[in-house]
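S.K.: Any chance you can model this:
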Amino acid sequence: MAEKKLRVLLVTQYFWPENMRINDMVRYFSEKGHEVTVLTGLPNYPEGEVFDSYRKEPERFQSYHGAEIVRVPLVPRGNRKIGLVLNYLSFFISASTIGAYKLRGRKYDAIFMNAVSPIMAAIPAIVLGRLKRTPVFVWVLDLWPESLSFVGVVKSPRLLAMVGKMVSWIYNRTDYLLVQSRAFLEDVKKYCTKPIPADRLVYFPSWAEDNFSSTEQVQSNLIQNQPGVFTIVYAGNLGETQGFPAILDAAESLSGEVAVRWIIVGDGRMGEWIAEQVAARGLKDVHLLGRHPLEAMPALFAEADALLVSLKANEIIAKTIPGKVQTYLASGRPVLGAVDGEAAKVINESGAGLACPSGDAAALSRIVRSMASMTSEQREAMGRAGRQYYEDHFARDKLMVTLESLMRKATLRKKEVS
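M.R.: As a prediction, this is how the structure comes out:
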């Protein structure tokens, strides 16, 4: 007998046409025949302005692979801190009020919240869960309030304590807490003033976008193949968290010693500083390509001898597994990691590459030398090991089956209680 299809409401501030992993989850659930509704805002990430394509033809963005999209107004991020604050506030207020009104009368089996920062974006899911008497799943992708302290946004102990109380309020009203890293478990528990059953606090890691699971080989138009030159590719955000000072120091120390080129793809707050440093130091081996669509990355990665992930040294960051780790593993290419904690553990356990401490330029130089001196066969073996580890631990379909099972259990539990 076929299992009953689920009615799922996904609450997320960021969604297609913004490039987010959560898009893959919606596509999976829709293709499995579940009834999916997405409550989200107006697409404006990362540029900070509502996408021109959406402004011109908003009707094109009312559904995604069969899932209905319900959008609420918000203040675009802009490029100033006040704009970012207003963006966060406007979404959770708008989704909790206008969103609740737009979804009035609808019933769901589960509400899933994609809790990227800020954590208060989970409030609309809590509100809707209470209104509709529906189990709420919050996927914790960042640790709050610790992350606020780390990035320096909030320094006042009193204010951090207030944010901590808000986090407790959210966690205590969530039916299932899913965490992207095992190292999050204890941190999340300490904000649960009410005991949370073990089966409702679940390790649920990220997966790689579908683009990186294809075996089809396509030539990249971003870089040319250079035989005899060790090619390192970094793709992603260019921010303070990514530890670029150590990357540039390593590139400078290896210049003229090892035939290596550093391909950096992406943009972010540190982008201008990085470009200035590359020019000032005369780093001819460092190539800044700017931001390119996700669809161009698999072909670029295939041209790489190694894929680089780097993070700033910090005990909070060390507990996270950046999403690019799963993406790199799925790509089947060797990984160089200037990372601590959970991310380093994955690289070492998988045999996918070499890791060194965050922020240690000398150590990064050493592992680059080491990998550059390997044979292509040795590096290919690393790539295969990483791909197998990805299939065993992070494959999207396996994770989605787990999530489906949790949602069905929650539905049965709700029926038993009522």
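
S.K.: Listing request: residues of this protein with sub-threshold pLDDT.
M.R.: 1-2, 149-155, 211, 213-218, 414-418 (pLDDT under 70).

S.K.: What residues sit buried inside the longest helix seen in it?
M.R.: Assignment by DSSP state H gives helix 396-417 as the longest helix of the chain. Neighbour-count burial for helix 396-417 flags R396, L399, M400, L403, E404, L406, M407, A410, T411 (criterion: 16 or more other C-beta atoms under 10 Å). Glycine gets a C-beta too; all of them are placed from N, C-alpha and C.

S.K.: Now tabulate those residues in CSV and tack on distance to V260.
M.R.: Listed next are these as CSV, based on distance: C-beta to C-beta, whole Å:
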residue, distance to V260
R396, 33
L399, 35
M400, 39
L403, 41
E404, 45
L406, 45
M407, 47
A410, 50
T411, 54
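
S.K.: give me phi/psi at the most centrally placed residue in the chain?
M.R.: With the centre of the chain defined as its mean C-alpha position, the nearest residue by C-alpha atoms, centre = their mean is G323, 4.4 Å away. Main-chain torsions, G323, degrees, to the nearest 10: phi -60, psi -30.

S.K.: cool, and C356?
M.R.: Dihedral pair for C356: phi -140, psi 170, per degrees, to the nearest 10.

S.K.: List the contacts of it.
M.R.: C356 is in contact with G337, A338, A363, L364, R366, I367, counting by C-beta atoms under 8 Å, 6 or more residues apart in numbering.

S.K.: Looks like L336 contacts G353 (just checking).
M.R.: Yes. The pair L336 and G353 qualifies as a contact (C-beta atoms under 8 Å) at a distance of 5.8 Å.

S.K.: Name the residue in those two with the higher neighbour count.
M.R.: Ranked by neighbour count (other C-beta atoms under 10 Å), L336 and G353 place L336 first, with 29 against 25.

S.K.: could you say what helices and strands the strand or helix carrying that one packs with?
M.R.: For L336, the host element (DSSP states H and E) is strand 335-338. Using 3 or more C-beta pairs under 8 Å, 6 or more residues apart in numbering; DSSP states H and E, the elements in contact with strand 335-338 are strand 306-310, helix 323-331, helix 341-350, strand 353-356, helix 361-372.

S.K.: quick one: which of those is nearest H65?
M.R.: helix 323-331 (20.4 Å; C-beta to C-beta).

S.K.: Run through who's touching the closest one.
M.R.: Against helix 323-331 from outside (C-beta under 8 Å, 6+ apart): 21, 205-209, 212-213, 235-236, 297-298, 301-302, 307, 309, 335, 337, 343, 346-347, 350, 352, 383, 386-387, 389-390, 394.

S.K.: Also stretch 293-301?
M.R.: 19, 209, 211-212, 214, 217-223, 233, 235, 263, 265, 292, 307, 327-328, 331, 333.

S.K.: Endpoint to endpoint, it covers what distance?
M.R.: End-to-end distance of stretch 293-301 (C-alpha to C-alpha, to the nearest Å): 13 Å.

S.K.: can you start the count at 30 instead of 1 from here on
M.R.: Fine by me, first position is 30 from now on; the one you just mentioned is stretch 322-330.

S.K.: returning to what we had before: pull up the overlap in contacts between L365 and G382.
M.R.: Joint contacts of L365 and G382 (C-beta under 8 Å, 6+ apart) are A335, M400.

S.K.: Can you show me the helices along the stretch 80-229 of the chain?
M.R.: Secondary structure of the stretch 80-229 of the chain (DSSP state H, counting those that start in this stretch): helices at 81-85, 110-123, 129-131, 152-161, 175-180, 186-201, 213-218.

S.K.: Just the buried positions in the helix or strand containing I303, please.
M.R.: Using DSSP H and E, I303 maps to helix 300-310. Of the residues in helix 300-310, G300, I303, Q306, V307 count as buried by neighbour count, 16+ other C-beta under 10 Å.

S.K.: ok, back up a step: burial-wise, tell me which of the helices of the stretch 80-229 of the chain comes out on top.
M.R.: helix 152-161 (a mean of 21; mean count of other C-beta atoms under 10 Å).

S.K.: Return the distance of the spatially closest residue to L318 that is not a sequence neighbour relative to H422.
M.R.: Nearest residue to L318, sequence neighbours excluded (C-beta to C-beta, 6 or more residues apart in numbering): V294, at 4.8 Å. According to C-beta to C-beta, to the nearest Å, V294 stands 26 Å off from H422.
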